[in-house]
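Asker: need coordinates for the following:
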Amino acid sequence: MRTLALSFLLLSLATTHAAAEAVPVKMVPGVGIMRGGEPYFVKGAAGDKHLDELAATGGNSFRTWTTNGLGPILDDAQKRGLTVCAGIWLEPECNWFSYSKPEHCVRQTERVKKEVLQHRDHPALLFWGLGNETEGDGNNADYWKQLEVLAKAVKEIDPAHPTFTAVAGLQPAKVAGLQAHTPSLDFVGINTYGALHALRGYLAKAGWTRPWVVTEYGARGFWESPRTSWDAPIEPTSGNKVRDIRKGYEAAIKPAGDCWGGYVFLWGQKQEATSTWFGIFTENGEATAVLDLMHELWKGQPPSHRAPNLESLTSDVAKKEIAADSEFTAKAEATDPEGDPLTYHWTVTPESSGRDKNNRERPTKPLIKCIIKTEGPSATFRAPTKPGDYRVHILVTDTRKRAATGNIPIKVK
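Answerer: Residues are numbered from 1 along each chain as shown. Alright, predicted model coming up:
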């Protein structure tokens with residue numbers, strides 16, 4: 001009865017979407033991907049927010065990590081002439097799921113098939129992403145074998161859209177696992193940050209000959225950045241992030257060939273290490289200089305209105321441990337390309353406020369009492385009374401919803 005009920009559900013979903021018409025996407029060796037018979041190079045963003053800005057910047061696609069809410073997301077993309085790289089969540093190896101247990105894999109396969117069948121005919125669909133950084137260290141052969149089962153199942157249901165899996169770097173064990181067990185995957189998605197500029201050389205040395213897309217890229221991550229003496233990662237300013245991303249894009253993605261494009265991370269805002277490390281937008285929706293860079297890379301010229309540039313951010317306590325309740329100062333120097341007036345917003349926050357039930361970092365709250373006086377680009381602070389790790393943040397905004405960001409880690413003894 002359970003099998004009959006599932007079959008009826010799949011038939012119902014297929015009937016519901018029969019009126020929609022998929023745009024076929026094909027892999028052409030030596031050429032790249034063809035969408036609707038036309039060459040298609042991915043100029044993408046990771047995240048499903050700020051879609052109007054994505055289209056205006058010259059982007060043509062965006063990436064999700066699950067199928068939650070995928071129907072409306074596809075509709076929003078279609079309205080703006082964008083495509084969706086639809087992620088399908090796969091379980092990591094854990095205490096409630098193991099790739100060595102066939103019954104677990106069968107349940108996951110049936111779920112994946114149902115999700116594909118529900119959305120396969122939408123004209124905004126581009127790729128199916130089978131899992132994101134679920135591979136661990138790459139040595140679990142059972143995981144790669146399950147990926148092959150899933151890739152075959154998806155192709156049977158939806159031959160019009162290529163499949164891939166996104167890995168956290170393509171280390172030798174992952175190359176070996178993919179080569180040995182996943183011939184049905186059309187390409188590999190590679191999530192990489194500080195190592196992007198060297199990616200092409202690495203893939204050549206690793207003997208990788210299949211197509212690839214950079215499914216996440218951005219400035220150097222907090223795990224690969226310089227650190228203070230107390231091990232706090234030092235975040236680049238928004239302007240320095242632009243230099244990192246440009247170098248990586250022009251070295252790895254722009255030459256094309258077996259690279260079909262990439263998805264810049266993150267087209268939105270989130271708390272991860274800090275509130276500004278990865279977001280191309282601020283909490284209030286201002287765009288940073290990374291958006292201006294993507295406009296230039298995708299359209300061939302910068303936008304007419306650009307974000308401010310934070311030239312420097314200094315403090316008399318930078319790289320020092322300070323006493324609780326002591327005073328200190330900080331100063332920012334910023335310019336605006338169009339000469340717009342600038343506003344300086346100073347805050348002090350704890351380094352971290354823990355994680356929620358979904359293991360996401362909770363946003364940190366500003367410590368209002370730490371600010372003694374602000375005078376535009378200069379500010380005087382009082383250190384928190386509680387010992388611990390904190391950050392002094394500066395947000396510089398213009399009058400056109402553009403912003404520059406930076407911060408200084410401090411340690412209170």
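Asker: run through the strands of the stretch 1-150 of the chain in chain order.
Answerer: For the stretch 1-150 of the chain, the strands defined by DSSP state E, counting those that start in this stretch occupy 25-28, 32-35, 38-40, 42-46, 61-63, 83-88, 125-132.
Asker: got those as CSV, with mean pLDDT and mean neighbour count columns?
Answerer: All C-beta spots, glycine's among them, are computed from the backbone N, C-alpha and C. Shown next, in CSV, are these (pLDDT from 0 to 100; neighbours: other CB atoms under 10 Å):
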stretch, mean pLDDT, mean neighbour count
strand 25-28, 91, 14
strand 32-35, 94, 18
strand 38-40, 96, 13
strand 42-46, 98, 26
strand 61-63, 98, 27
strand 83-88, 98, 25
strand 125-132, 98, 25
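Asker: for Q146, which of the ones you listed is the nearest?
Answerer: For Q146, the closest of those is strand 125-132, at 9.3 Å, according to CB to CB.
Asker: so where do the strands sit in the stretch 151-300 of the chain?
Answerer: 163-168, 187-191, 212-217, 259-265.
Asker: tabulate those strands (CSV), appending mean pLDDT, mean neighbour count and distance to I88.
Answerer: Formatted as CSV, those follow (pLDDT from 0 to 100; neighbours: other CB atoms under 10 Å; distance: least, CB to CB, whole Å):
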stretch, mean pLDDT, mean neighbour count, distance to I88
strand 163-168, 98, 24, 9
strand 187-191, 98, 23, 12
strand 212-217, 98, 26, 13
strand 259-265, 97, 25, 16
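Asker: of the ones you listed, which is nearest S275?
Answerer: With CB to CB as the criterion, S275 lies closest to strand 259-265 of the strands of the stretch 151-300 of the chain, at 15.2 Å.
Asker: show me what contacts the residue lying closest to F328 once chain neighbours are set aside?
Answerer: Closest residue to F328 apart from its sequence neighbours, by CB to CB, 6 or more residues apart in numbering: V317 at 4.3 Å. By CB atoms under 8 Å, 6 or more residues apart in numbering, V317 lies in contact with 328, 408, 410.
Asker: got it, and K411?
Answerer: 228, 230, 232, 320-322, 388-390.
Asker: hmm, 7 Å instead?
Answerer: Neighbouring residues of K411 by CB atoms under 7 Å, 6 or more residues apart in numbering: 230, 321, 389.
Asker: the first one: how many residues sit nearby?
Answerer: If you count neighbours by other CB atoms under 10 Å, W230 ends up with 11.
Asker: what does the pLDDT read for it?
Answerer: For W230, the model assigns a pLDDT of 95.
Asker: E296 against P302, yeah?
Answerer: Yes - using CB atoms under 7 Å, E296 makes contact with P302 at a distance of 4.5 Å.
Asker: give the residue from those two that has the larger number of neighbours.
Answerer: A count of neighbours by other CB under 10 Å puts E296 above the other of E296 and P302, at 17 against 14.
Asker: report the rounded mean pLDDT for stretch 319-334.
Answerer: 95.
Asker: among the contacts of V317, which are in strands?
Answerer: 328, 408, 410 (DSSP state E).
Asker: is it possible to get CSV of these that adds distance to Y202 and neighbour count?
Answerer: Output for those, formatted as CSV (distance: CB to CB, whole Å; neighbours: other CB atoms under 10 Å):
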residue, distance to Y202, neighbour count
F328, 43, 21
I408, 33, 22
I410, 36, 27
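Asker: now those residues as TSV including distance to K79?
Answerer: As requested, the ones in strands among the contacts of V317 are exported to TSV (distance: CB to CB, whole Å):
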residue	distance to K79
F328	50
I408	42
I410	46
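Asker: of those, which is the nearest to L185?
Answerer: Nearest member of the ones in strands among the contacts of V317 to L185, counting by CB to CB, is I408, at 43.8 Å.
Asker: contacts only, for that closest one.
Answerer: I408 touches 313, 315, 318, 330, 391-392, counting by CB under 7 Å, 6+ apart.
Asker: separation between R120 and P24?
Answerer: Distance, R120 to P24, by CB to CB, to the nearest Å: 11 Å.
Asker: which of the two has more residues huddled nearby?
Answerer: Set R120 next to P24 and count neighbours by other CB under 10 Å: R120 wins out with 21 against 12.
Asker: just give the nearest non-adjacent residue to that one, would you?
Answerer: Spatial nearest neighbour of R120, excluding adjacent residues (CB to CB, 6+ apart): D158 at 3.9 Å.
Asker: so how many other residues sit close to the one you found?
Answerer: Applying other CB under 10 Å, we find 19 residues neighbouring D158.
Asker: I'd say it and V116 touch.
Answerer: Yes - counting by CB under 7 Å, D158 touches V116, with 5.4 Å between them.
Asker: in this protein, which residue is most central in space?
Answerer: The residue lying closest to the centre of the chain (CA atoms, centre = their mean) is F265, at 3.0 Å.
Asker: beta partners of that residue?
Answerer: Applying DSSP bridges to F265 gives these bridge partners: A46.
Asker: how much space between it and N407?
Answerer: The spacing between F265 and N407, counted by CB to CB, is 19 Å.
Asker: ok, H305 next?
Answerer: Distance, H305 to N407, using CB to CB: 25 Å.
Asker: ok, those two, which is more surrounded?
Answerer: Neighbours per residue, other CB under 10 Å: of H305 and N407, the larger number sits with N407, 23 against 16.
Asker: kindly state the beta-bridge partners for that one.
Answerer: Beta-bridge partners for N407, by DSSP bridges, are H393.
Asker: please look at it and P236 and confirm they touch.
Answerer: No - using CB under 7 Å as the test, N407 is too far from P236 to be in contact (10.1 Å).
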